[in-house]
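Enquirer: pasted the sequence and its predicted model underneath.
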Amino acid sequence: MMNIDITCQRPNALYLLLFLIPAVIVSVMQCRKIVKKAGFFRLMKDSSAEMGRMRHFSVMMTSRLVFRSLAWIMLVLACSGISWGTYLEPVQKNGSSVCFVFDISYSMNAADAAGGLTRLQAASSYASMLLSHIPSSSVSVVLAKGEGVTVVPLTEDRAVIDSLLTAISPELMSASGTSLGKGVRTALKSFPETSGNANAIWVFTDGDETDGQLEGALGECLRKGVPAYIIGFGSESESRILAGDGKTSVYTALRSEKMKRICENVMTKNKRTKGDTVLVRYVDATEAGSALTLLDYIEKTGGTSAGNDGDDFENNFVSYEVKPVQRYQLFLGLAVMFFALGFIVTEIDPEKIASAFRKTAAVSLVAASFILTSCAENTVQNAGTILSSSWCWYQHKYNSAVAGFLQVAFDAASSGDEITEPYAVYDLAATYLMQNENDAAETRFSSIPDSAPSDIRYASWYNRGIIAYKEGDYDRATECFINALKIDGKKMNAKINLELSMTKAEKDARIRENMLTEVSESQETDTMETSIFQRIKENDRNQWKNSAQTETVSSAADY
């Protein structure tokens with residue numbers, strides 16, 4: 001059975017449903033007054049026709065109350081921001097920010113780490129080593145115990161962090177217990193929402209949490225496109241330590257299997273694989289190459305000493321964030337429909353409706369059969385093929401998805417189906433983009449007509465800008481993001497990518513201008529040198545001629 005993750009952004013709005021109780025009571029009381037004043041109870045004894053009218057009146061009022069109540073319920077659900085389902089949105093990242101989350105519970109005082117160090121001392125040394133390899137990254141520090149507290153906001157001042165690492169201990173916080181989930185959520189809040197940096201969270205812990213909130217917090221990291229790495233310290237064997245009261249003895253050990261299981265559950269629930277860019281992963285600090293695993297993601301953004309060449313725009317890459325599908329439009333549509341039905345039922349005469357239905361049933365069946373056997377049949381069939389191909393796309397079966405989208409695009413173009421054709425073409429281009437076939441994707445994106453829905457045209461221009469940026473054509477990338485913002489100017493990702501493209505284009509223009517200036521100066525210098533040497537040669541030649549003539553004249557006179 002498929003699990004549907006339903007989220008509500010504004011749950012307090014659901015309290016508005018309580019207004020239905022007094023509204024229903026008032027409506028029932030008014031209905032009773034109307035029936036009593038109309039004298040229907042007396043008429044029911046005298047006429048069967050009036051009895052039928054009374055029965056219809058009751059049904060009509062009840063139906064109107066039900067439809068209006070449903071309209072109010074749908075409106076409240078739309079305001080509460082209910083969503084289910086997810087989609088992947090490409091986001092271009094530049095630069096990096098890392099948040100260090102330290103578990104400072106008393107279990108970290110167990111002296112079972114390598115070299116006879118406590119777990120907390122080993123975590124501090126490990127973090128100090130990592131800090132030296134990310135000189136270009138902004139770093140923040142969060143302490144997690146019973147709560148999560150940001151002790152150092154995002155900064156590039158390494159001295160502040162180094163001083164904190166030397167003094168870190170469980171006495172820095174008085175909260176009891178271990179809540180790694182609260183620490184991770186605090187780390188997420190330490191990153192600015194409008195930042196274009198690639199963010200990452202490194203959690204230094206032994207995995208001995210007490211409230212079980214870590215899995216939910218890691219799921220939030222994955223949905224926001226922030227990699228979270230759990231770094232384990234300590235021994236798998238149980239060690240005895242003193243609790244916070246200094247008297248009670250407890251046993252603790254590195255819960256590596258628990259951490260691995262949590263990471264796998266998060267990846268499975270969010271339908272992500274180990275080949276994706278954004279991961280939730282457990283890393284053993286004593287494992288060979290563990291530091292390289294952590295630094296690999298940062299190196300792609302130019303945050304490490306090996307990957308940064310002094311140019312913040314040379315290390316850009318595209319990641320995909322998981323976004324929830326908002327359903328407010330569905331609920332608003334249902335609210336309008338139920339509200340309209342509330343008016344319609346008050347004007348319906350059941351006897352006339354039954355007669356009209358019998359007269360038009362045959363005509364409706366003929367019309368329906370004609371529609372289903374013509375263009376509507378093609379539309380329904382194409383929509384079904386798009387749905388099955390999209391399912392293949394989410395399963396990473398891109399070849400099957402390409403075959404399905406190609407078939408729909410061909411059939412829709414042949415039958416003149418303007419409804420499904422732009423969706424098929426866009427899905428085909430998106431599949432090519434996932435297969436790194438940028439030229440094919442660009443061709444398909446550019447073929448989407450201006451008559452396509454606005455969301456399709458926006459996504460097309462946005463992805464064309466991503467392709468152009470990856471190919472180094474920053475002027476074309478700027479143009480594409482501008483066209484995307486003309487369609488929907490509220491998209492923050494398009495604005496960020498537009499600024500990056502414009503900055504990169506201006507930089508390339510300055511480089512080309514400097515190169516032209518150097519070539520021009522070199523040519524001008526060469527011309528001046530040539531003129532000077534030519535002038536010197538002419539002066540030497542004239543001097544030699546004058547000298548020869550003088551000797552000839554004087555020799556003739558002597559002779």
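Expert: Structure received.

Enquirer: what does the pLDDT read for S319?
Expert: As predicted, S319 sits at a pLDDT of 58.

Enquirer: again but with L279, I slipped
Expert: On the pLDDT scale, L279 gets 78.

Enquirer: mind listing what the nearest residue to it once chain neighbours are set aside touches?
Expert: Setting aside the residues directly before and after it, L279 is nearest to P227 in space (C-beta to C-beta, 6 or more residues apart in numbering), at 5.5 Å. For glycine as for every other residue, the C-beta is placed from the backbone atoms N, C-alpha and C. Counting by C-beta atoms under 8 Å, 6 or more residues apart in numbering, P227 touches N199, A200, I201, C221, V278, L279, V280, R281, Y297.

Enquirer: mind checking which helix or strand the third one is in?
Expert: Read that as I201. strand 198-205 (DSSP states H and E).

Enquirer: pLDDT of that strand, averaged?
Expert: Rounded mean pLDDT across strand 198-205 is 90.

Enquirer: for the residue nearest to L279, give me the pLDDT.
Expert: For P227, pLDDT reads 88.

Enquirer: next: V151.
Expert: pLDDT, V151: 91.

Enquirer: burial count for A23?
Expert: 14 (other C-beta atoms under 10 Å).

Enquirer: so it sits in a helix?
Expert: Yes: checked against DSSP: H, G, I helix; E, B strand; the rest coil, A23 lies within a helix.

Enquirer: in contact with it, which residues?
Expert: S69, W72.

Enquirer: any idea how far M492 is from it?
Expert: Going from A23 to M492 by C-beta to C-beta, to the nearest Å gives 40 Å.

Enquirer: then R255?
Expert: Counting by C-beta to C-beta, the gap from R255 to M492 is 39 Å.

Enquirer: neighbour count for these two, which is higher?
Expert: Legend: neighbour count by other C-beta under 10 Å for R255 and M492, higher for R255 (19 against 11).

Enquirer: nearest residue to that one other than its sequence neighbours?
Expert: That would be G207: by C-beta to C-beta, 6+ apart, it lies 3.5 Å from R255.

Enquirer: equivalent analysis for V152, please.
Expert: That would be V141: by C-beta to C-beta, 6+ apart, it lies 4.0 Å from V152.

Enquirer: could you look up the SS state of that neighbour?
Expert: strand.

Enquirer: for Y297, same thing?
Expert: helix.

Enquirer: try G212
Expert: coil.

Enquirer: residue contacts, it?
Expert: G181.

Enquirer: give me the distance between the residue nearest to L279 and S249.
Expert: Distance from P227 to S249, by C-beta to C-beta: 37 Å.

Enquirer: how about Q395?
Expert: From Q395 to S249 the distance is 51 Å (C-beta to C-beta).

Enquirer: and those two? which has more neighbours close in?
Expert: More crowded of Q395 and S249, by other C-beta under 10 Å: Q395, with 11 against 8.

Enquirer: return the residues in contact with that one.
Expert: Q395 neighbours (C-beta under 8 Å, 6+ apart): none.

Enquirer: if we can go back for a sec, elements contacting the helix or strand that the strand holding I201 is followed by?
Expert: Of the helices and strands lying after strand 198-205 in sequence (DSSP H and E), the nearest is helix 214-223. Under the contact definition 3 or more C-beta pairs under 8 Å, 6 or more residues apart in numbering; DSSP states H and E, helix 214-223 sits against helix 180-189, strand 228-232, helix 256-269, strand 280-284, strand 316-326.

Enquirer: who are the contact partners of L65?
Expert: V24, S27, V28, C31.

Enquirer: recalculate using a threshold of 6 Å.
Expert: S27 (C-beta atoms under 6 Å, 6 or more residues apart in numbering).

Enquirer: the one 10 residues further on now?
Expert: L75 makes contact with A335, according to C-beta under 6 Å, 6+ apart.

Enquirer: measure it to L406 for me?
Expert: 42 Å.

Enquirer: and what of L334?
Expert: Taking C-beta to C-beta, one finds L334 at 35 Å from L406.

Enquirer: what do you get for R255?
Expert: From R255 to L406 the distance is 49 Å (C-beta to C-beta).

Enquirer: cool, A111 as well?
Expert: 63 Å.

Enquirer: repeat for E264
Expert: Taking C-beta to C-beta, one finds E264 at 35 Å from L406.

Enquirer: equivalent analysis for M173, please.
Expert: Taking C-beta to C-beta, one finds M173 at 59 Å from L406.

Enquirer: please enumerate the helices of the stretch 451-559 of the chain.
Expert: 454-470, 474-487, 492-558 (DSSP state H, counting those that start in this stretch).

Enquirer: quick one: list the elements packing against the first one.
Expert: Helix 454-470 sits against helix 438-446, helix 474-487, with contacts defined as 3 or more C-beta pairs under 6 Å, 6 or more residues apart in numbering; DSSP states H and E.

Enquirer: could you check the angle that helix makes with helix 438-446?
Expert: 150 degrees (axes from the mean of the first three to the mean of the last three C-alpha atoms, to 10 degrees).

Enquirer: what's helix 454-470 in contact with?
Expert: By C-beta under 6 Å, 6+ apart, helix 454-470 touches 90, 318, 422, 426, 438, 442, 445, 448, 476-477, 480-481, 483-484, 487-488, 494, 501.

Enquirer: next: the second one.
Expert: Contact with helix 474-487 is made by 454, 457-458, 461-462, 464-465, 468-469, 494, 497-498, 501-502, 504-505, as judged by C-beta under 6 Å, 6+ apart.

Enquirer: for it, C-alpha coordinates in PDB please.
Expert: Taking Å, rounded to 0.1, in the frame of the first residue of the first chain, the C-alpha atoms of helix 474-487 are listed here in PDB:
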ATOM      1  CA  TYR A 474      26.200  33.200 -20.000                       C
ATOM      2  CA  ASP A 475      24.600  35.800 -22.300                       C
ATOM      3  CA  ARG A 476      22.000  33.200 -23.600                       C
ATOM      4  CA  ALA A 477      21.500  32.000 -20.000                       C
ATOM      5  CA  THR A 478      20.700  35.600 -18.900                       C
ATOM      6  CA  GLU A 479      18.200  35.900 -21.800                       C
ATOM      7  CA  CYS A 480      16.500  32.600 -20.800                       C
ATOM      8  CA  PHE A 481      16.100  33.500 -17.200                       C
ATOM      9  CA  ILE A 482      14.700  36.900 -18.100                       C
ATOM     10  CA  ASN A 483      12.100  35.200 -20.300                       C
ATOM     11  CA  ALA A 484      11.300  32.900 -17.500                       C
ATOM     12  CA  LEU A 485      10.700  35.800 -15.100                       C
ATOM     13  CA  LYS A 486       8.500  37.500 -17.600                       C
ATOM     14  CA  ILE A 487       6.200  34.600 -17.400                       C
END
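
Enquirer: please consider this matter closed, and thank you.
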